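Trainee: Take this sequence and fold it.
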Amino acid sequence: MERKRKIISKAIIVTMIFVMILFETGCGSGKKPGEEEPALSANNVETLDLIDRGDVKVEEIIGTGEGLGTIGEIFSVAVRNMSGEALEVEIPCGLIFTPEDDSLQPMMVIQKESASVAPGEILELSPYVVCIDAEAEVPEEGDEYSFGYMESGDLLSFAECLCEDPDTTTDPLGVQFAVWMISGGEALQALFEGNGSSRDWLAHCGIR
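Mentor: You can find the predicted model right below:
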């Protein structure tokens, strides 16, 4: 199974590169001249604080098999309101989901999702996430994750920039490669530097 996962992971990455070469559109974020930057997510640690205080309990974070393997709405996040009042639960951009199996890819939220949950009720959310480790294995349906930590540095800045930009989900391969260019060091930067779409995303967000 482990060997199969590694083969699948590398095959998906190679396929994504091939598809991008064939269908490169060169589109960036779609931000028009004179437009203001999208508002960034505020109080990013609020949900983590609710969990730490025991007001919110994480019931399950599990792979659904949806999305493109390394990017998309690939998790079902189930949380229960343990408090005595309705709560607004937000999964913020820049939050890292960490796998129970450390051979799998950690995922970063780049499109926040929030909703209100009544006392005692369970809320299910599916935030838009992206892989931050190109060398790790692709999660499959049923793989379990947990709330990890808030990213920092260029990855957090990039996540916050993408957070409320509606075009983020229209160019998944460009965004994925841009994230790997940030997280993967010089080797991956050289591999993906010919991808104009990814360079556009980085330039739009003021990264490198």
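
Trainee: Taking the centroid of the protein, which residue is nearest it?
Mentor: Centroid-nearest residue in the chain, with C-alpha atoms, centre = their mean: V129, separated by 2.1 Å.

Trainee: Nearest spatial neighbour of V179, chain-adjacent residues omitted?
Mentor: Closest residue to V179 apart from its sequence neighbours, by C-beta to C-beta, 6 or more residues apart in numbering: V130 at 5.1 Å. Heads up, the C-betas are built off the backbone N, CA and C, glycines and all.

Trainee: so that neighbour, which of the three states?
Mentor: Judged by DSSP: H, G, I helix; E, B strand; the rest coil, the three-state class of V130 is strand.

Trainee: Hmm, it is touching I71, no?
Mentor: Yes. V130 lies in contact with I71 (C-beta atoms under 8 Å); the separation is 4.6 Å.

Trainee: Which residues are in contact with each of the two?
Mentor: 175-176 (C-beta atoms under 8 Å, 6 or more residues apart in numbering).

Trainee: ranges for the strands of the chain?
Mentor: Remark: strands assigned in the chain by DSSP state E are 56-63, 71-72, 75-81, 87-91, 95-99, 107-111, 113-117, 122-125, 128-131, 145-150.

Trainee: Can you redo these as a markdown table, where the extra columns are mean pLDDT and distance to M181?
Mentor: Shown next, in a markdown table, are these (pLDDT from 0 to 100; distance: least, C-beta to C-beta, whole Å):
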| stretch | mean pLDDT | distance to M181 |
| --- | --- | --- |
| strand 56-63 | 96 | 25 |
| strand 71-72 | 96 | 14 |
| strand 75-81 | 96 | 24 |
| strand 87-91 | 93 | 24 |
| strand 95-99 | 96 | 18 |
| strand 107-111 | 96 | 14 |
| strand 113-117 | 92 | 25 |
| strand 122-125 | 96 | 28 |
| strand 128-131 | 96 | 12 |
| strand 145-150 | 94 | 21 |
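
Trainee: Format those as a markdown table; extra columns: distance to G206.
Mentor: Compiled in a markdown table, the strands of the chain are given as follows (distance: least, C-beta to C-beta, whole Å):
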| stretch | distance to G206 |
| --- | --- |
| strand 56-63 | 31 |
| strand 71-72 | 21 |
| strand 75-81 | 28 |
| strand 87-91 | 24 |
| strand 95-99 | 21 |
| strand 107-111 | 16 |
| strand 113-117 | 25 |
| strand 122-125 | 29 |
| strand 128-131 | 18 |
| strand 145-150 | 19 |
